[in-house]
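S.K.: The amino acid sequence is not available; the structure is as follows:
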DNA sequence: CCGCACTATGAGACTAAGTATCATAACGAA
DNA sequence: TTCGTTATGATACTTAGTCTCATAGTGCGG
C-alpha cells in the first residue's frame, strides 16, 4: 500500500490528477519511516525537485490526509511545531512511536480499547464518539542498544 | 485546587513572584470550564486588564503548564490552530471532551489503560513509556438535549 | 527606609506553519 | 484543437508562539 504508484492510482480513481509535482512529493513522503515535519519534507522536495513550490507540498499533505494515506500526529513539543506527518494505510489504528529512533509501528488493539471506553462510559455517563491515542516508548531495536534517555 | 489564590501561593512556593499580571491572567483561566485557545484568553485578558501584554499571557500559559496547573491539548483541527489550553489539577489523568458544549471531564481509568498497554507490549515487543489519550463524545447533558451533530 | 540584585513586564520585532489569492500552465474529454 | 477544469508556483497574508531589550516591580540585606 505504501507504494507511490498505488497511491497515484488511487488519487486518479478519486478524481484527482496524477501530476508530476504530486509524484515528487509523494516520493519523498513514502521513503520516510519515521514521522516528519512539513519543514523537513519541504526541504527534501526542494532539493530533489527544485521546481515544486511550497504551497504544492502543503496542498499534497492536505490531500493525502483527506484520503487517509497520511496522518497528522500531535506531539507535545514546547510551543507550536507540534505537528508531524506520517504515511500509513487508512484503516483505523494507532501509533507506537519510538522515543529513540522515531520509528513508528501501528497497532490495532481494539478489544482493550473498547473495554476502556465501555468502562469510562459507565463511570461518567458520557457517550464516547471518538478518541486520539498515541503511545511512545522504545522499539525492540532501541530497547536493547540504547540505555540512556 | 482550581482557585486563583491557591495557585498564586503555589507559584510563590516554587520561587516565582505572585505579581498582579499573573493574577489577572490566572483569573481568566480559572473562570473557563471548557478548553480555550490562546487567542481567546488574550482577548479576554486585554478586555479585563488592558495593561497586560501578550507576551505575559503566553509566558503565564507556559509557566502554568510547567507547573502542571494547565494542560495543552491537541485537537484535530484542519491546519494549525490545533492547540487549546485547559486548567486542571496535576495528577495523571485524561480528558473527556464534549463535542457539543466543550465541557471537559477528567477520568482516571488506569486499570483498563494498563491492560491495553500490557497487551500492546506483548504483541509488539515495544517498551511503552508514555501515552497521549483524549476521548471526545457527548456529555450527559448534551446527550439528552441535542441530537444532530 | 534605602539600595541592589534579580525577576517580570510590555512593546514590538521575528519566526514558522499553514492558508489564500491570483495569474498561468497542464490536463483531458469532445 | 479547443475549452472548461484542475493544478501549480509565486507571493502575500495570518496566526501562534518566541525573542529581545529596555524598563519596572519585587523582596531582601542592611
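M.R.: Structure's in. What do you need? Values in this document were obtained by computation on a predicted structure and should not be read as measured data.

S.K.: what does chain A put close to DNA strand C?
M.R.: Neighbours of DNA strand C within chain A, by CB under 7 Å from any atom of the strand: A:17-20, A:37-39, A:54-55, A:58, A:62, A:72, A:80-81, A:83. For glycine as for every other residue, the C-beta is placed from the backbone atoms N, C-alpha and C.

S.K.: if you set the cut-off to 10 Å instead, what comes out?
M.R.: Contact residues, chain A versus DNA strand C (CB under 10 Å from any atom of the strand): A:12, A:15-21, A:37-43, A:51, A:53-59, A:61-62, A:65, A:72, A:74, A:77, A:79-85.

S.K.: Restrict the residues you listed to the buried ones and give me that as a PyMOL selection.
M.R.: In PyMOL syntax, the buried subset of the residues of chain A next to DNA strand C is picked out as below (16 or more other CB atoms under 10 Å in any protein chain shown):
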select buried, chain A and resi 21+38+41+42+56+57+61+72+74+82+83+84+85
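
S.K.: The nearest residue to residue A:100 once chain neighbours are set aside and residue A:133, how far apart?
M.R.: Spatial nearest neighbour of residue A:100, excluding adjacent residues (CB to CB, 6 or more residues apart in numbering or on different chains): residue A:142 at 3.8 Å. In this view, residue A:142 and residue A:133 are 21 Å apart by CB to CB, to the nearest Å.

S.K.: Distance-wise, check the residue nearest the centre of chain A relative to residue B:104.
M.R.: For chain A, the residue nearest the mean C-alpha position is residue A:86 (2.2 Å; CA atoms, centre = their mean). Going from residue A:86 to residue B:104 by CB to CB gives 27 Å.

S.K.: buried set for the longest strand anywhere in chain A?
M.R.: In chain A, taking DSSP state E as the definition, the longest strand is strand A:127-138. Judged by neighbour count using 16+ other CB under 10 Å, the buried positions of strand A:127-138 are A:128, A:131-138.
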